[in-house]
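Peer 1: No sequence on hand, only this structure:
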Ligand SMILES: Nc1ncnc2c1ncn2[C@@H]1O[C@H](COP(=O)(O)OP(=O)(O)OP(=O)(O)O)[C@@H](O)[C@H]1O
Ligand SMILES: [Mg+2]
């Protein structure tokens, strides 16, 4: 027997393991702890020495573009793939050594929806519930409760193949809740959903966190989603966590960086004006939204006046100037120097000013 195994057995002999884990969570308040978690595929480092903690009851977001390493991180935490290097514990259990214990604590909602179209909602849930060893005596009641939670009670006896994508995704999430996990791992829970369904799923995620105190880790490439749902956000890019904090604190990184973004409406906007603004020393970039609106990202205390003066010098008729609040997109651009590489969610990234300026000036 390996010394490691002997140690685990002797520890469990002295104290019940579950008791040990319980004490550890209660004392530290930490549900997930990753230390230098790394996954390499041949030559590619998909997840690169990632370290973070998730507190009990928290919604923690891993936000990053396509290929950043989100799914790979989730798969390691879900014990579906082993780390190449580093460690992680869930509820005090090691994801490699105690993988069976970890699986009892977690529910996983993966990117792909696994559901049998020809079975009804109830039949699907019954099937998966039995697969997760949920006792028959409680399963019926739990299925009813979960269907009620996602407002699908009326469709209990309908085939899942007839459901809308939003209904299917809500089914996908409650499937992961059948064994009442302490911890829910959600990989891109609203991917491919229409806006209305996305709102429903997000509301549901909030609800289970609030009502069941379920700790949640979710991945998303949608800044808005991370902003709306997560207590804290880890921004991941090229396998590395490059920033980790609350949304408000992350935004302070940008607003404290002496950068500004102005949205200008110029009635007689010309390409010459755009080029002129672009050529100003204080200006980082200019993007044109439509025939009259531009967004200007600039640096420095004098940038506001310099930009306005140059537009006026070109006889530009300024209808309005807005100084916008930072978004997580700005944070991403500020930290990485590049835009989120996802076309579907692409918005124009902007930078903001650290000094207080009226939010909206109309001239
Ligand atoms: N099984 C695998 N074999 C080889 N490379 C892989 C494997 N799984 C993932 N990768 C690579 O690892 C990197 C991270 O992939 P991962 O799926 O974790 O990213 P992601 O952040 O979830 O991206 P997406 O937003 O597209 O879902 C990518 O470059 C991907 O091609
Ligand atoms: Mg993914």
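Peer 2: Noted; the coordinates are in hand. Owing to the predicted nature of the structure, the values given are computational and were not obtained by experimental measurement. Ligands and ions are numbered 1, 2, ... in the order given.
Peer 1: Can you name the residues of the chain that neighbour ligand 2?
Peer 2: Residues of the chain lying close to ligand 2 (Cβ under 5 Å from the ion) are 70-71. C-beta here means a position set from N, CA and C on the backbone, and glycine is covered the same way.
Peer 1: domain ranges for this structure?
Peer 2: 3-245, 251-361 (automatic domain parsing).
Peer 1: Indicate whether the shortest one makes contact with ligand 1.
Peer 2: It refers to domain 251-361. No: using Cβ under 6 Å from any ligand atom, domain 251-361 stays clear of ligand 1, coming no nearer than 7.3 Å.
Peer 1: What's the mean pLDDT across that domain?
Peer 2: Per-region confidence: domain 251-361 scores 76 on mean pLDDT.
Peer 1: show me what contacts residue 61?
Peer 2: Applying Cβ atoms under 8 Å, 6 or more residues apart in numbering to residue 61 gives the contacts 217-220, 225-226, 229-230, 232-234.
Peer 1: just the strands in the stretch 251-363 of the chain please.
Peer 2: 259-266, 283-288, 293-299, 318-323, 360-361 (DSSP state E, counting those that start in this stretch).
Peer 1: Can you name every helix or strand that the first one contacts?
Peer 2: Judged by 3 or more Cβ pairs under 8 Å, 6 or more residues apart in numbering; DSSP states H and E, strand 259-266 is in contact with strand 293-299, helix 303-313, strand 318-323.
Peer 1: Including mean neighbour count and distance to residue 132, could these go into a markdown table?
Peer 2: Formatted as a markdown table, the helices and strands packed on strand 259-266 follow (neighbours: other Cβ atoms under 10 Å; distance: least, Cβ to Cβ, whole Å):
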| stretch | mean neighbour count | distance to residue 132 |
| --- | --- | --- |
| strand 293-299 | 21 | 49 |
| helix 303-313 | 17 | 57 |
| strand 318-323 | 17 | 51 |
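Peer 1: Tabulate those (JSON lines), appending distance to residue 268.
Peer 2: As requested, these are exported to JSON lines (distance: least, Cβ to Cβ, whole Å):
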{"stretch": "strand 293-299", "distance to residue 268": "13"}
{"stretch": "helix 303-313", "distance to residue 268": "10"}
{"stretch": "strand 318-323", "distance to residue 268": "10"}
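Peer 1: now residue 54: how far from residue 231?
Peer 2: 9 Å (Cβ to Cβ, to the nearest Å).
Peer 1: Check residue 61 too.
Peer 2: From residue 61 to residue 231 the distance is 8 Å (Cβ to Cβ).
Peer 1: what's the answer for residue 283, then?
Peer 2: Distance, residue 283 to residue 231, by Cβ to Cβ: 36 Å.
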